[in-house]
Structures are given as C-alpha cells and as structure tokens.
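A.B. asks: next one to model:
(chains A and B)
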Amino acid sequence: MVYLDNGATTKPRKEVVEEYVKNCEEGFFNPSAVYSSAFNLSKKIDGVRSLILDALSGDEYKDRVVFTSGATEANNLAIFGSATNRTKKYLFSVGEHPSVYNCAQELLTRGYNVQFIPLSNTGEVDYDAFEKLCDKDTCFVSTMFVNNETGAINDLYRIRNIIDSKNPNCIFHVDGVQSFCKLPLSVKKCKINLLSMSAHKIAGLKGVGALFISNKVNLKNISFGGGQEKGLRSGTVNAGGILAMGKAVELANRDMTKNLEKIGKLKTLLLENLYKNFKDKFICASTEKGSPYVVSLMFKGIKGEVLVRKLDSNGVIVGTGSACSANKVGNRILESMGYSKDQVVGAVRVSFGFDSTEEDVIEFCNKLKECY
Amino acid sequence: MKEVILIRFGEIFLKGRNYSYFENTLFKNVERRLKKFNLKLERISGRFLVSDFEAEDKDDIIEAIQTVFGLVSLSVAYEVETSVDTIKSACEKIKIKDKTFKVEVKRADKTFPIKSFEFAGELGGVILKNNPDVKVDVHSPQEIVYVDIRQNGKTYIFYDKIACLGGMPVGTAGRAMLLLSGGIDSPVAGFLMAKRGLCINAIHFESYPYTSEQAKQKVIDLANIIKKYTGNIRLFIVPFTRIQEEIHKNCDDEYMVTLVRRFMMEIAEQVAKKSDCQAIITGENLGQVASQTVEGITMTSMMAKDLPIFRPLISFDKIEISKISEKIGTYDISVLPYEDCCSVFLPKNPVTHPKLNKIVENEELLNREFLIQDAISKMEIIDIKN
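C.D. replies: Predicted coordinates:
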C-alpha cells in the first residue's frame, strides 16, 4: 500500500508507539497527584513542553505550552479564550481549516465584529487586502502558517509587521498544524502569540495537541473542571499521549532539515512526472514556494473523490481536495484562489510524510495512469 | 391494581375463515418485536395483553408496539379482579383531567350481575365523588373512562386510546423486492407496502468507485430503520458500475437514465424470483424527475415480465413523502449527501419521452445478458435482522 494522505494523519513512528506503551506500563499515574511517581511524571511532561518551546524558539521561562486533545481544541481555546471584547475587530484568513473558520463563524453569530481576509491566487493571504482590513481596533488576527489543502505558506513575518504598524497589542494566532516540526518557524521572530499544533501530523498519536501561549497573552479558560494545565485545560492530563508526542517532536525536529530536503525532491519528482504524463489534464494549485509536504492537484473530467476511490482500489491512498463535492458545496479554499467549481470538483491532495519515498511517488503516477 | 397494556387489532377481523392465520401471524410479529423486554404477552379474546413488565420499560414497549402493522390502538389499563366492589374501588382512584367525562362499560362477561348502562351510571357517580369539579356529559364528553369486563375474570379500566399503525400483519401478503436507492422515497415505499402485509427483500445498485462506501452504508442504515416495521430484510447489493460504464461508452447520452433503469428492473425481477418474491416495489412517483414520465415508467415496467410492480408513492407530493419519511425515522439518513448510482454519468438533458425503437437500438449495442449475469453473480447479500 502506498499512503500519500499524510496531511490527514500520519502513521505513528515505532519509537512513538514504544514510548506510549512504556508509559502505559510504567508511568500510568495521574500526573496531578501528590505522590512521587505522579510528580516525576509531571516533570517528564514539563520536559515535553520545553521540547516544544525549543522547536518553536519560544522562551522557556516566560512562554507556556498547554496540552489539549488536538489542534481543534487548541484552536478553540486560542480563539474563544481571546475573544472578550465585542467592540474590537477579529480577522481570520478565509483559507483557514474548519477548526478555525467555524470558530470565526460562531463568533459572528455571537455578535463579534469578525472579518475575513481573502486569499491571493497563490493560496497565500492577500497581504494588500489584509493591510486595508487591519486597523487600530483589530485585536485578534488568525492565519495558518501552511495551508492544509494547497501547502501555501503565509509570510507570518510580513503579517506581523502589518499588525504592528496598526496595533502592536493585537494578538496573533497561527494554526501551525501542517508546519510544526516540518518547516522552521520562530515564534519570537514573528511575534506569534498563540500557535496550535497536533501530534498525529508528525508521526505522533491522535488525541494529543498543544497550544503555545506567549507571555503577552492573558487567555481565558473555556472549559471548567479540576483546573489542570494552569486552569486553561481541565481534565486528567493525557500523560502517555504527551510523552509520545515528545518523542515525535524530538525526532521530527532533529530531522527537520533533512526531511524538508527529501520531501522537496519528492514534490519535484511528482510534478515532473505528472507534467510529462498528464500535461493539460490537470492543474496544480500548489506553488513552487509552498510547503513540499502538501500538493493540490485538480484533474479534468473526473471527480476528485471518484479518482481517490479508484486509486484506493489499486492500493494507493491519497486525499480529496474538497470534503463534499457530492452536494456541490465545493471547496472554499480553492474557490477563494479563483478556481471555478468545475475545476475544483476534480481536486485531489497528495501529502507526504517523513516516511514517504520515491517509490511511493512512482507507484502513485503509475496507478494514476491506470485509473485516469 | 396492576398496570397492563391492551392491544387492539382491526382490519384482520374482516378475514373470515382465515382469521386465525392472520391473528397468529400478528401475535408472532408482536412477540418478535417485544422479545427484548422482560414481560408477559398473551391473547385474551380478540385482544393482546402485555403485563408483568418493568415500569421503566413502559414507554419503550408502547413505542415498539406502535411499529407493528395490523394493530389499531393500545391503552395503558388498570387490571383488577372482576367484582362490583373491586371495580368501584378502582374507579375511586381515577382523576379526571378535563371538565366533562362519561363512563363506558363493556361486558364481554355476560355473567356480570349489573347491566352495562346501569353500571356505567353507578361508576360515574363514584368518579364524581372524588372529582367534584367535573360533570358527566354522555353525548360529547372530553374524556371517556372505559371499563372492560372480560371473560377471563379480569376487568380493565383505561382512559385513553393510543393509535397504532393499522394495516395488515407483515407476512400475510407474501414477499416483495424493494428497489432501495438511499433517497427519501424508496424506504417510504417499502414501509407502505409492508403496511399491506408484505415481507420485504431489498435490492441496491452500487456504483463504486463513482459512489462511496458511505453511500452503501447509508442504504444498510436505512434498511436497519425500516426493519423495525417490516421485520428482517434480506438486502442484495448489486455491483452496477460496469453496466453504467458500458452504457456511458456505447449509448446515447440522453438515454442513459432510461437504459439504466431498464437494467435495474430486469435484474431486480430476476433476483426477486430467485428469492421467492412475488412482486417488486419501487418509490417511483409520476412526474417527480425527468425519467418518471408515463413513457419513462412504461419503458421500465416492461422489463419486469412476470411480477407486478407496486408503486405506492405514484401520486404523492414530495412533501407528503418527506413527512412519512420523518415519521418513520428515515429522513435524516436519506438526506445525507452521498451520491447514489442514479446520479452517476447523469446527462444534462435526459430524455423525457423515450421511444422504444431508440431504446432497442441502444440496447443492441450492449451485451445485455452477459452484463446482467455478471452483475448478479457478483452480488453481495446482507441480512438485516431485528
């Protein structure tokens, strides 16, 4: 089987699974308890916080990391935990993942002043439009680093500079799910206040994520309970999942440069092959500048989901570009980039993981010839 | 005083000499539907009686009884030993909620010493004593207290009748094959024909990879809901992709839908006959979509050579069908946005008045017999059991 839907989830690394099993057997305690085994476990969890801060160039003494059940919860905490003032302006990129976009929609229904930043035809935020939208009343801006459907990379440094020129106190939230431990990023340099991440996109386990919180942000809790994670995320801490995430972060961060180079070559190989064999039969919505991990393709004359199922029957797994073309909902992101409904319906997403190989790409291209 | 549930059945009384067959089938259907509860189910002259159940199961039992075709109504009743005194003392406890009421006494037990009309008057007096603010109104009372003196030495006292589905007991009219697409109409068609006593088999045409695994699961989920009413369903899933691809490749685009439906009907009849069905059921509805014109339906009908086709929804408005669908619980699943095989390769302008000679010309381009037998041989069978 060839698996090229790593944007959806990745296969956990062996070391990650071993770490989890070890924790289940030896370190199963509730880390909030008072006895020494629990305390030792909580120190290990703090070690994972340090690892994450290190990977993001955060400040170990001032900044915080709160563990959550995944990126969706981290995004909810970041957005609803920051939204306190209905008179201020909240800006969201229109290309956000549903876990951010639907929070923005909810804020709208709750009477907040929410506005959306359009995308340019490269899939990045339209910086000029953003500059016009952002003003001194803007208190919250949320844009992702790497787009989950197209791989487009937003220039966070440029975005922060625009924010600073209007309102330096504005909170800047970044959904870092598709970039964390894959692309270098410094929260310090880009003055990011909140950054969401997920373990299972970097060969960790599902059910664990985290929110980076800079010392400048005073976040409100949005759920209530025993007050774990300094009151921001009540509920028994998922020690095993977090320690396994620590292992995934450690390895992915160690190999980041090497992986980036390898995946870059795979993207080139894929596109060369596609242009050679399927010229004029597809459009690539991903740019050369984008993350090599995600490649968005739109095939002509076939529905993306049909192609995905045909490839699946032939042992190759890729993702669909649009979640639901059946009822003609279309694809918000690709349509925002200017593609027509007819083009978008043929969207397929190829996304690489750390373990993807050249053979995978070649097999995908071969099977594509049979299926399309 | 013990709480029991009295179940009444209606139309099967009309069946004369076959009465016991209809009643036995109905009793078995009720028994099957209630088997997961801890209770006693028995027949008492012309009714079924449910007793000895856990109080917390009462609402679920009533809901389950209301899914059995052939039943007319049910009542939650107090059961007492038959005697003038016990009945009177039971009536003392009755609280009338409305402003007027009357008592109706039925004496199946003719040995009971007081005549019905007279006893009703006496019991009315007892009830009035404890409900000083209400009045008796024998012509149009807001509430009726029924006192049913049965031959088994028991009397049942109850206030209100809860309607059941009516119809005929499932199984008394034979078995039919339902064409189940996953849309709103076909589950409703199956439900309505089961109401006339038919057992249901179902056939679904699958077009993977043009349709998804979810589309197939949707059909299984729908069958799982209608089985509450119809009893067990044998579901046949026929791989249909190849047939559609062949039509798409070889035939006139505008005839796609007509040709597809003719294949479906022919396959449905063959599978129906092999699985002991005596009829075919479809959710077709005159004029709803382009293929459902009189001509379109004629072209499809002629493919079923030996079995009748029942189309219970032929005259319904969509809104009426949707209402039934909501009532029986299939609507929310039917509207899930997974494509079914009918929307694959859908032409922009399907023919609304298909001509037989054109159809025959198109069909001659296909190896029909091979395609049909190939599809049937690869058919999957799923038993949807209660």
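A.B. asks: who touches residue 147 in this structure?
C.D. replies: I went with chain A, as the question did not name one. Applying C-beta atoms under 8 Å, 6 or more residues apart in numbering or on different chains to A:Asn147 gives the contacts A:Gly95, A:Gly123, A:Ile153, A:Asn154, A:Gln178, A:Gly290, A:Val294, A:Ile333. Every residue, glycine included, has its C-beta placed from N, CA and C.
A.B. asks: not quite, go with chain B.
C.D. replies: For B:Val147, the contacting residues are B:Ile87, B:Cys91, B:Val103, B:Glu104, B:Val105, B:Lys106, B:Phe119, B:Ala120, B:Leu123, B:Thr155, B:Tyr156, B:Ile157, by C-beta under 8 Å, 6+ apart.
A.B. asks: try 6 Å this time
C.D. replies: By C-beta atoms under 6 Å, 6 or more residues apart in numbering or on different chains, B:Val147 lies in contact with B:Val105, B:Ile157.
A.B. asks: okay, and which of the contacts of A:Asn147 map to helices?
C.D. replies: Secondary structure of the contacts of A:Asn147 is defined by DSSP state H; positions in helices are A:Ile333.
A.B. asks: ok, the contacts of A:Asn147 vs A:Gly111, which is closest?
C.D. replies: When the contacts of A:Asn147 are compared for distance to A:Gly111 (C-beta to C-beta), A:Gly95 wins out at 24.5 Å.
A.B. asks: how close does the residue nearest the centre of chain A sit to chain B?
C.D. replies: The centre of chain A sits closest to A:Val177, judged by C-alpha atoms, centre = their mean, with a distance of 1.9 Å. Per C-beta to the nearest C-beta, to the nearest Å, A:Val177 is found 25 Å from chain B.
A.B. asks: ok, that residue to A:Gly209 distance?
C.D. replies: Relative to A:Gly209, A:Val177 is positioned 8 Å away (C-beta to C-beta, to the nearest Å).
A.B. asks: and for A:Leu270?
C.D. replies: Distance, A:Leu270 to A:Gly209, using C-beta to C-beta: 29 Å.
A.B. asks: do the same with A:Thr10
C.D. replies: 14 Å.
A.B. asks: pick out the residue of the stretch 251-372 of chain A closest to chain B.
C.D. replies: Closest residue of the stretch 251-372 of chain A to chain B, C-beta to the nearest C-beta: A:Arg309 (3.1 Å).
A.B. asks: find the nearest non-adjacent residue to that residue, please.
C.D. replies: Spatial nearest neighbour of A:Arg309, chain neighbours left out: B:Pro209 (3.1 Å); criterion: C-beta to C-beta, 6 or more residues apart in numbering or on different chains.
A.B. asks: phi, psi for that neighbour please.
C.D. replies: Dihedral angles of B:Pro209 (phi, psi; degrees, to the nearest 10) stand at phi -90, psi 10.
A.B. asks: OK, contacts around it?
C.D. replies: Counting by C-beta under 6 Å, 6+ apart, B:Pro209 has contacts A:Val306, A:Arg309, A:Lys310.
A.B. asks: could you export those residues as JSON lines, including secondary structure, neighbour count and pLDDT?
C.D. replies: Putting the contacts of B:Pro209 into JSON lines (DSSP: H, G, I helix; E, B strand; the rest coil; neighbours: other C-beta atoms under 10 Å in any protein chain shown; pLDDT from 0 to 100) gives the following:
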{"residue": "A:Val306", "secondary structure": "helix", "neighbour count": "24", "pLDDT": "92"}
{"residue": "A:Arg309", "secondary structure": "helix", "neighbour count": "19", "pLDDT": "94"}
{"residue": "A:Lys310", "secondary structure": "helix", "neighbour count": "19", "pLDDT": "95"}
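A.B. asks: neighbour count winner among A:Thr10 and A:Gly209?
C.D. replies: Neighbour comparison, A:Thr10 and A:Gly209: the larger count goes to A:Gly209, with 29 against 25 (by other C-beta atoms under 10 Å in any protein chain shown).
A.B. asks: show me what from chain B comes close to chain A.
C.D. replies: Contact residues (C-beta under 6 Å from any C-beta of the partner chain) of chain B with chain A: B:Pro209, B:Tyr210, B:Pro337, B:Tyr338, B:Glu339.
A.B. asks: helix or strand for the third one, which one?
C.D. replies: Here B:Pro337 sits in a region with no helix or strand, counting by DSSP states H and E.
A.B. asks: what about it, how many neighbours?
C.D. replies: Counted with other C-beta under 10 Å, B:Pro337 comes out at 13.
A.B. asks: same check on A:Lys11?
C.D. replies: Residues near A:Lys11, counting by other C-beta under 10 Å, number 14.
A.B. asks: which stretches in the chain count as helices?
C.D. replies: Picked chain A for this. So, for chain A - with DSSP H - the helices run A:14-26, A:36-56, A:71-82, A:98-109, A:127-133, A:156-166, A:239-254, A:256-277, A:304-313, A:332-336, A:341-344, A:358-371.
A.B. asks: actually it's chain B I care about, not the one you picked
C.D. replies: Under the criterion DSSP H, helices of chain B are mapped to B:19-33, B:58-65, B:84-92, B:116-130, B:185-195, B:213-230, B:241-250, B:256-274, B:294-301, B:318-328, B:331-334, B:356-363, B:368-377.
A.B. asks: ok and the longest one relative to helix B:294-301, angle-wise?
C.D. replies: Relative orientation of helix B:256-274 and helix B:294-301, computed by axes from the mean of the first three to the mean of the last three C-alpha atoms, to 10 degrees: 40 degrees.
A.B. asks: the fifth one too?
C.D. replies: With the same axes, to 10 degrees applied, the angle from helix B:185-195 to helix B:294-301 works out at 70 degrees.
A.B. asks: could I have the CA atoms of helix B:185-195 written out in CSV?
C.D. replies: C-alpha atoms of helix B:185-195 as CSV (Å, rounded to 0.1, in the frame of the first residue of the first chain):
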residue,chain,number,x,y,z
ASP,B,185,-38.8,7.8,-1.4
SER,B,186,-37.8,4.1,-1.6
PRO,B,187,-37.7,3.5,2.2
VAL,B,188,-41.2,5.1,2.5
ALA,B,189,-42.4,2.8,-0.4
GLY,B,190,-41.1,-0.2,1.5
PHE,B,191,-42.8,0.9,4.7
LEU,B,192,-46.2,1.5,3.0
MET,B,193,-46.2,-1.9,1.3
ALA,B,194,-45.2,-3.7,4.5
LYS,B,195,-48.3,-2.0,5.9
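A.B. asks: what mean pLDDT does stretch A:114-126 have?
C.D. replies: Mean pLDDT, stretch A:114-126: 97.
A.B. asks: list of residues touching that stretch?
C.D. replies: Under C-beta under 6 Å, 6+ apart, the answer for stretch A:114-126 is A:90-95, A:104, A:107-108, A:129-130, A:133, A:143, A:147, A:150, A:152, A:154, A:287, A:336-338.
A.B. asks: and what of stretch B:232-249?
C.D. replies: The contact list for stretch B:232-249, computed with C-beta under 6 Å, 6+ apart, reads B:200-207, B:223, B:227, B:256, B:259, B:263, B:267, B:271, B:341, B:344-345, B:366, B:371, B:375, B:378-386.
A.B. asks: restricted to strands, list those.
C.D. replies: In strands, defined here by DSSP state E, the members of those are B:Ile200, B:Asn201, B:Ala202, B:Ile203, B:His204, B:Phe205, B:Glu206, B:Glu380, B:Ile381, B:Ile382, B:Asp383, B:Ile384.
A.B. asks: weed out the non-buried ones from those residues.
C.D. replies: Applying 16 or more other C-beta atoms under 10 Å in any protein chain shown to the ones in strands among the contacts of stretch B:232-249, the neighbour count classes B:Ile200, B:Asn201, B:Ala202, B:Ile203, B:His204, B:Phe205, B:Glu206, B:Ile382, B:Ile384 as buried.
A.B. asks: widest-spaced pair of those residues?
C.D. replies: Within those, B:Ile200 and B:Glu206 form the most distant pair, 18.8 Å apart (C-beta to C-beta).
A.B. asks: one step back: list residues touching both of A:Val177 and A:Gly209?
C.D. replies: Counting by C-beta under 6 Å, 6+ apart, the residues touching both A:Val177 and A:Gly209 are A:Ala71, A:Ser198.
A.B. asks: can you give me the domain assignment for the chain?
C.D. replies: Picked chain A for this. Annotated domains of chain A cover A:2-8+A:256-371, A:14-254 [automatic domain parsing].
A.B. asks: try chain B instead
C.D. replies: B:2-163, B:175-384.
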